[in-house]
Structures are given as C-alpha cells and as structure tokens.
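Undergrad: Sequence first, then the predicted structure:
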Amino acid sequence: MSNATNNNPRKVLITGANGQIGQVLAQNLRARYGTDNVITSDITKPKVTLGPFVFLDILNTMRLQEVITDHKITEVYHLAAILSASGEWNPIKTWNINLNGLLSILDLAKDTPLDKVFFPSTIAVFGTTTPRVDTPQDTALQPETVYGMSKTSGELWCNYYHNKFGVDVRSIRYPGIISHQSIPAGGTTDYAVEVFHEAIQHNKYECFLEKDTRLPMMYIDDAIRATIELMEAPAEKVKTRIGYNLSAMSFSPEELFTEIKKYIPELAVTYKPDFRQEIASSWTESIDDQRARDEWQWSHDYGLPEMVKVMTEEISKKYKA
Ligand code: AKB
C-alpha cells in the first residue's frame, strides 16, 4: 500500500466505528488522510476519541443526511451492523439496521458529493447449498441467518446502485476477523479472539463450536489493508460490485488451539457447542479469492502461525500493562 497522498480532498465518514473493524480502520485512515478528515460515528461515544466523532443512529435518515452534508463527506465506510449470532435474537431489528442504513447511504450517494461507499459483506452470505471448499466468487447464496440474508441483499443493492446510478460502491466478503485491539461481540467467529484472552489470563477456554468446524479467517492488519487497497484502487480495476471473496487462512478450533499451545502449553480446552454451531456449520470452510487477486492485486500477509504469534504477543502485553 502506498503512503498517504498530500492535498487529499477526501472527507471520510465511518459508521459503526466503535466496532472491531471500525476502531482500527479509523486509526489507519487518519494516519493516511489526516485526523480531521476522518469522522467516526456510532450510537454511543467511544471510551477514547482520537479524532472527530458524531453521534449517529443509522436509521435516522435526516441525521445521516445532516452529517454527510454538514461535513462535506465524500466517502462512507458503512460498518454499522448487527452480526450473525446477535442477529438471530432480533431478526427484524437486524434486517432494518443492516439493510435500511445501507439503502439510505446509497440513495444519498446518488445525488450528493458523496461519491464512494464501502459496504462490508461477509462469509455469512453463504449457506448449505454453497460449495464448502474453495467457495467460488459467483456461487449459490442462500444464507440461513438474518445477518447473512441482509448482507446478501445488501450486495445486490450495491450492484444495482452501481449499474443504475453509477454509485462507486465497493464491497468485501470478510472472513472471521481476528484482532487484539478489541473483544468482538455478537459474531460466530468470535471464539478465535476470545480464546487468546482466556488462554493468557486463565490458561483455559470453553469453546462454543465443535473442535473440527473449519472457517475462513483473517488477521485484522490484512483486513484493513484489503479495505483501503480496494477503496483506493482505480475504478476501472473494480469490475465486481457485489462483495469480493477474500481469503487468508482457514482453521478449525482444534487447529487454532494446537498453534496457541506452542506459546501457552498449559492451555486446557473444553467444548460446549451452542446455537452458534449451527450457524458455523452452514458457512463454507475455505474461499477462492482469485477475482480479488486478479482485479486489484489483493494478497494476504498473515497465515495461522504468523497470526497466533502476533496475537499472543499483543494480548500478553495488554494484560502485563
Ligand atoms: C460473524 O461471525 O458474524 C462475523 C462474520 C463472519 O461476518 N465475524
């Protein structure tokens, strides 16, 4: 990724910025485009504010319009969403937040200076009718969670607004994201972050998935770099306006715990699968991301051993401090 450009006219808004991806994305975009050119927003104030922040409930369309016009926003990273596990507790609210917020943003992008939108999609768009191994870019999308349904529909709306109104909207199907900066909540892949905290603090972990459930995963630095590289790619390279498949590593809980035990041999794991097992079993286990590699030269840096090393180091530092 090249360095930040000077005289950058970009003015970025991140919605749902308090979440796992938003916090790290904001930090990276601020380093590239300047602190004041990146406005974070959410429904609650973050514990630490490192730049401009506004309160924004994504369902309040008037407020959204006000923020976008008052701050002369040119790009929105629309991260506000309810994830797969939480979504099942409140399906209609999840549908409204995940889809209606996106529709308001796409519609504003039609006729305001807002000219670029990022929509995070997910491996949750896949379902049991999708090929499980090396899942192709163009494939069956019959998700079984409301989160997956909202993201699949969101992808189609992005494609529609691009084709019909020329909105420059770009999207990635994120695998499970593994990060040390925050503890994610509400997702099915969260176990892969939780285990580091439990292992380092207590030498034990009770896993809510079966030991052999393999899922696609990605380290946060790869996810952030992919997002920025896609958003900065010349428009003519971005030929796909539904979510790009993106891949870095795939592992099962057992494979992850074996790698962690190289650093924490005392780690004792038990398995107690809950409702999230059914969600995980409906997703695919590895992803073919050749399209992203061909079109905008995506490539990942972190595999399982590199990710476990950096996660163990970073989370250990946190607890020592
Ligand atoms: C979740 O588990 O819901 C998310 C995702 C894969 O989109 N991490």
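TA: Great, that's in hand.
Undergrad: got the residues of the stretch 101-250 of the chain near the ligand?
TA: 122-124, 147, 174, 176, 187-189 (Cβ under 6 Å from any ligand atom). (Glycine included, C-beta is placed from N, CA and C.)
Undergrad: got those as TSV, with distance to Glu254 and neighbour count columns?
TA: Listed next are these as TSV, based on distance: Cβ to Cβ, whole Å; neighbours: other Cβ atoms under 10 Å:
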residue	distance to Glu254	neighbour count
Thr122	23	29
Ile123	20	29
Ala124	22	28
Tyr147	25	28
Tyr174	23	23
Gly176	16	26
Gly187	20	23
Thr188	17	29
Thr189	15	27
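Undergrad: Kindly reformat these as a markdown table containing secondary structure, pLDDT and distance to Ser153.
TA: Formatted as a markdown table, these follow (DSSP: H, G, I helix; E, B strand; the rest coil; pLDDT from 0 to 100; distance: Cβ to Cβ, whole Å):
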| residue | secondary structure | pLDDT | distance to Ser153 |
| --- | --- | --- | --- |
| Thr122 | strand | 98 | 13 |
| Ile123 | helix | 98 | 16 |
| Ala124 | helix | 98 | 12 |
| Tyr147 | helix | 98 | 11 |
| Tyr174 | strand | 98 | 17 |
| Gly176 | strand | 98 | 21 |
| Gly187 | coil | 97 | 19 |
| Thr188 | coil | 98 | 19 |
| Thr189 | coil | 98 | 21 |
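Undergrad: what's the closest of these to Glu306?
TA: Set against Glu306, the nearest of these by Cβ to Cβ is Gly176 (16.1 Å).
Undergrad: wait, that closest one sits on Thr189?
TA: Yes: in this structure, Gly176 is within contact of Thr189 by Cβ atoms under 8 Å, at 2.6 Å.
Undergrad: Mind listing the shared neighbours of the two?
TA: Counting by Cβ atoms under 8 Å, 6 or more residues apart in numbering, the shared contacts of Gly176 and Thr189 are 215, 217.
Undergrad: Which positions in whichever helix or strand Ala85 is part of come out as buried?
TA: Secondary structure from DSSP states H and E places Ala85 in helix 84-87. Using 16 or more other Cβ atoms under 10 Å as the test for burial, helix 84-87 gives 84-87.
Undergrad: on that earlier part again, let me have the residues of the stretch 101-250 of the chain next to the ligand in JSON lines, extended by distance to Ser247.
TA: Shown next, in JSON lines, are those (distance: Cβ to Cβ, whole Å):
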{"residue": "Thr122", "distance to Ser247": "13"}
{"residue": "Ile123", "distance to Ser247": "10"}
{"residue": "Ala124", "distance to Ser247": "15"}
{"residue": "Tyr147", "distance to Ser247": "20"}
{"residue": "Tyr174", "distance to Ser247": "11"}
{"residue": "Gly176", "distance to Ser247": "12"}
{"residue": "Gly187", "distance to Ser247": "18"}
{"residue": "Thr188", "distance to Ser247": "18"}
{"residue": "Thr189", "distance to Ser247": "14"}
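Undergrad: Where does the prediction get shaky in the protein?
TA: Per-residue confidence for the chain (pLDDT under 70) gives these ranges: 1-8.
Undergrad: swap the cut-off to 50 and go again
TA: For the chain, the stretches with pLDDT under 50 are 4, 6.
Undergrad: how about the strands of it, start to end?
TA: 12-15, 38-42, 53-55, 75-78, 116-122, 168-174, 176-178, 204-207, 215-219, 244-245, 249-251, 268-271 (DSSP state E).
Undergrad: got the CA coordinates for the helix holding Ala85 in PDB?
TA: These are the backbone C-alpha positions of helix 84-87, laid out as PDB (Å, rounded to 0.1, in the frame of the first residue of the first chain):
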ATOM      1  CA  SER A  84     -24.600 -13.300  12.900                       C
ATOM      2  CA  ALA A  85     -25.200 -14.600  16.400                       C
ATOM      3  CA  SER A  86     -26.800 -11.400  17.900                       C
ATOM      4  CA  GLY A  87     -28.900 -11.100  14.700                       C
END
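Undergrad: is that helix up against the ligand anywhere?
TA: Yes: Helix 84-87 comes into contact with the ligand (Cβ under 6 Å from any ligand atom), by way of Ser84.
Undergrad: so what secondary structure elements neighbour that helix?
TA: For helix 84-87, the elements it packs on are helix 146-165, helix 275-282, judged by 3 or more Cβ pairs under 8 Å, 6 or more residues apart in numbering; DSSP states H and E.
Undergrad: most neighbours per residue, which of those?
TA: Using mean count of other Cβ atoms under 10 Å, the stretch among the helices and strands packed on helix 84-87 with the greatest mean number of neighbours is helix 146-165 (a mean of 20).
Undergrad: From the chain's centroid, how far away is that one?
TA: Relative to its chain's centre, helix 146-165 lies at 16 Å (Cα atoms, centre = their mean, to the nearest Å).
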